[in-house]
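S.K.: any chance you could fold what I've pasted below:
(one chain, ligands or ions: 3)
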Amino acid sequence: MLISLEGGVSDRSLFGATFNAAEFGAAEIGGSRPVQALVVDDSAVYRKLIGDHLRTWNFGVTLAETGSEAWQILQQPGSPKLVLLDWVLPDLDGIELCHRIRQAGASGPYVYVILLTSNEGRQNMLDALQAGADDYLVKPFDELELKARLLVGKRILDLQEELVAARESMRHAATHDSLTGLLNRGEILAVLQRELERARRERKPVGLILGDVDHFKGVNDTLGHLFGDEALREIGRRLRTQLRVYDGVGRYGGEEFLMVLPNCDLPHALVRANGLREIVGSTPVVYSGEERLITMSMGVAVSGNDGKNELETLLNQADAGLYAAKEKGRNRTEHFTPAKKTAAGHTRKS
Ligand code: GH3
Ligand code: MG
Ligand code: MG
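M.R.: Ligands and ions are numbered 1, 2, ... in the order given. The predicted structure follows:
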């Protein structure tokens, strides 16, 4: 069947050749996860024809009668990524809509635009492609032509989706620890830096907890490295469940974890650190028929004492607290207390 000029449907084949309609009926180019297509045409006949074909080929279909209606639809979250756009529309024309889509699209997912035009508009095709259309179809067109263009559009959108997914997974790999799934060292430090800057602006404290698993070498030595790995994963899970969504937690080193608590003063940070310590040490880690109660020592520090090199100072203070917790017998929480002058005039941390 030939999709003819505005308002009519003709039986003539555009190519003067017949084609097997069953070939089209059976094929589904929309795929198992249907691509949503937006058909923008002021002609009810074209909207119905194109829409029916798209559904047959397993596309999801949204219809719009005018350019401004289409523009509204395209601004909704999760809007169609494939647009079949009539050139001549009563208000916003296809070219203007193409411009808008491209201007808005730099940050979002790609929208693939096929512009539909009458035969007389053919000489303006360069304008259409320059305006941002990806392809065009001259009316009247037949199903074969429409299907071919959709196939290309779908392929480009699939490729685009794969690229975005690959970029996301690379970004995740660059910022997360592969064993525990927590933020990695670089990223938790970046979180700390951001929170310190925000805290300075808002004049609020940031709490920092540095946790280190006690006698972890012994866990590996007696139960094996795989048990040790699972213990680290489980500790990561327990820490995460105990924290608020806007707190940050990362794997700082081998068996060291760093927690960033925005807007948290010292008394609260100590309570939170103890809560985390308890959730880690309260029930044994079980793996492959073995179990072991594993504890952690926590060092706590809170921002606000020193404007300069605050990140480094704070990390050193949390480390000093952790050192004190280890010294005092492990499975406990200690916080940094300001350095005292020794008799020899050296400073010594708590
Ligand atoms: P302490 O209580 O003083 O912290 O003693 P510790 O044994 O925990 O400290 P030490 O620094 O001697 O040992 C840390 C161990 O953590 C040694 C290292 O093999 C182990 N470790 C570090 N990263 C991993 C990891 O990804 N998987 C496993 N299974 N073990 C790890
Ligand atoms: Mg340790
Ligand atoms: Mg350690």
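S.K.: what mean pLDDT does stretch 202-221 get?
M.R.: Average pLDDT, stretch 202-221: 96.
S.K.: also stretch 245-257?
M.R.: 97.
S.K.: do stretch 117-137 as well
M.R.: The average pLDDT for stretch 117-137 rounds to 82.
S.K.: with only the CA atoms kept, save that stretch in CSV.
M.R.: Only the C-alpha atoms of stretch 117-137 are listed here, as CSV (Å, rounded to 0.1, in the frame of the first residue of the first chain):
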residue,chain,number,x,y,z
THR,A,117,7.9,16.4,3.5
SER,A,118,6.0,16.7,0.4
ASN,A,119,7.6,16.4,-3.0
GLU,A,120,7.8,20.1,-3.4
GLY,A,121,9.8,20.5,-0.2
ARG,A,122,12.6,18.3,-1.5
GLN,A,123,14.9,21.2,-2.4
ASN,A,124,14.8,22.3,1.2
MET,A,125,16.2,19.0,2.5
LEU,A,126,19.6,20.5,3.1
ASP,A,127,17.9,23.0,5.5
ALA,A,128,16.2,20.1,7.3
LEU,A,129,19.4,18.2,7.8
GLN,A,130,21.2,21.4,8.9
ALA,A,131,18.5,22.1,11.3
GLY,A,132,19.2,18.7,13.0
ALA,A,133,17.0,16.2,11.2
ASP,A,134,18.8,12.8,10.9
ASP,A,135,16.9,11.6,7.8
TYR,A,136,13.9,12.6,5.7
LEU,A,137,11.1,10.9,3.8
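S.K.: quick one: the closest residue to ligand 1 within the stretch 101-250 of the chain from ligand 2, how far?
M.R.: Going by CB to the nearest ligand atom, ligand 1 is nearest to G228 of the stretch 101-250 of the chain, at 2.6 Å. Glycine gets a C-beta too; all of them are placed from N, C-alpha and C. According to CB to the ion, to the nearest Å, G228 stands 11 Å off from ligand 2.
S.K.: hang on, that residue packs against V219?
M.R.: Yes: using CB atoms under 8 Å, G228 makes contact with V219 at a distance of 5.3 Å.
S.K.: the more surrounded of the two?
M.R.: G228 (24 against 20; other CB atoms under 10 Å).
S.K.: just give the closest residue to V164, not the sequence neighbours.
M.R.: Setting aside the residues directly before and after it, V164 is nearest to P109 in space (CB to CB, 6 or more residues apart in numbering), at 6.9 Å.
S.K.: phi first, then psi, for that neighbour.
M.R.: phi -70, psi 160 (degrees, to the nearest 10).
S.K.: number of residues surrounding it?
M.R.: Residues near P109, counting by other CB under 10 Å: 12.
S.K.: same question, M170
M.R.: For M170, using other CB under 10 Å, the count is 10.
S.K.: and it, which helix or strand is it part of?
M.R.: helix 143-175 (DSSP states H and E).
S.K.: need the pLDDT of the residue most central in space within the chain.
M.R.: Nearest to the geometric centre of the chain sits E168, at 6.3 Å (CA atoms, centre = their mean). E168 is assigned 94 on the pLDDT scale.
S.K.: ok, now N309?
M.R.: Value for N309, per-residue pLDDT: 72.
S.K.: cool, and G31?
M.R.: 62.
S.K.: now Q317
M.R.: 95.
S.K.: am I right that it is in a helix?
M.R.: Yes: judged by DSSP: H, G, I helix; E, B strand; the rest coil, Q317 forms part of a helix.
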